[in-house]
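# Fold the following and give me the result.
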Amino acid sequence: MCSKKEDDGKKLVGKLVSDKKNEITVHVKSGDKTYQKSEDFEMDKSAKKDKINGKVVQLDIDEHGKAEKLKYSWADQA
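Purely as a prediction, here's the structure:
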């Protein structure tokens with residue numbers, strides 16, 4: 001699921017497949033999508049505390065197609 005952000009980027013929701021040093025992969029309806037992390041990539045504080053592989057996350061993608069921020073909420077896990 002994708003939606004437009006005001007700054008020409010987009011937000012997407014999917015299951016986290018992998019989180020590596022420089023890239024992040026999420027599974028969405030159309031398959032696995034891998035994004036390079038931006039230099040100022042942020043991970044939500046609650047995501048750092050939990051083991052979130054396989055969990056539903058929200059990912060902010062910038063106008064260059066790089067991941068800017070990963071958000072995790074237990075409420076999205078239904």
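# so how far is K37 from K71?
K71 sits at a distance of 14 Å from K37 (criterion: Cβ to Cβ, to the nearest Å). For glycine as for every other residue, the C-beta is placed from the backbone atoms N, C-alpha and C.
# got the buried residues for stretch 28-39?
The neighbour-count check on stretch 28-39 (16 or more other Cβ atoms under 10 Å) flags 33, 35, 37-38 as buried.
# Over to stretch 10-18?
Neighbour-count burial for stretch 10-18 flags 11-12, 14, 16 (criterion: 16+ other Cβ under 10 Å).
# pLDDT on that stretch, on average?
For stretch 10-18, mean pLDDT is 93.
# What is the neighbour count of D60?
19 (other Cβ atoms under 10 Å).
# can you check V56 too?
By the measure other Cβ under 10 Å, the count of residues near V56 is 18.
# Same question for the one 3 residues further on.
A count of nearby residues for L59, using other Cβ under 10 Å, gives 21.
# who touches it in this structure?
Contacts for L59 (Cβ atoms under 8 Å, 6 or more residues apart in numbering) come out as 11-14, 24, 26, 35, 67, 69-71.
# what does K20 give?
K20 touches nothing, counting by Cβ under 8 Å, 6+ apart.
# Then the one 4 residues further on?
I24 makes contacts with 16, 18, 34-35, 37, 59, 67, 70, as judged by Cβ under 8 Å, 6+ apart.
# what's the closest of those residues to K48?
Nearest to K48 among the contacts of I24: L70, at 9.7 Å, using Cβ to Cβ.
# Specify the beta-bridge partners of that closest one.
Beta-bridge partners for L70, by DSSP bridges, are M43, L59.
# count of residues packed around it?
Here the number of neighbours of L70 (other Cβ under 10 Å) works out to 21.
# just checking, it touches D44?
Yes - at 6.2 Å, L70 counts as touching D44 under the criterion of Cβ atoms under 8 Å.
# now D76, what's its secondary structure?
Of the three states, D76 takes helix under DSSP: H, G, I helix; E, B strand; the rest coil.
# Show the model's pLDDT score for it.
D76 is assigned 82 on the pLDDT scale.
# Skipping its backbone neighbours, what lies nearest it in space?
Once flanking residues are discounted, D76 sits nearest to V56: 4.5 Å by Cβ to Cβ, 6 or more residues apart in numbering.
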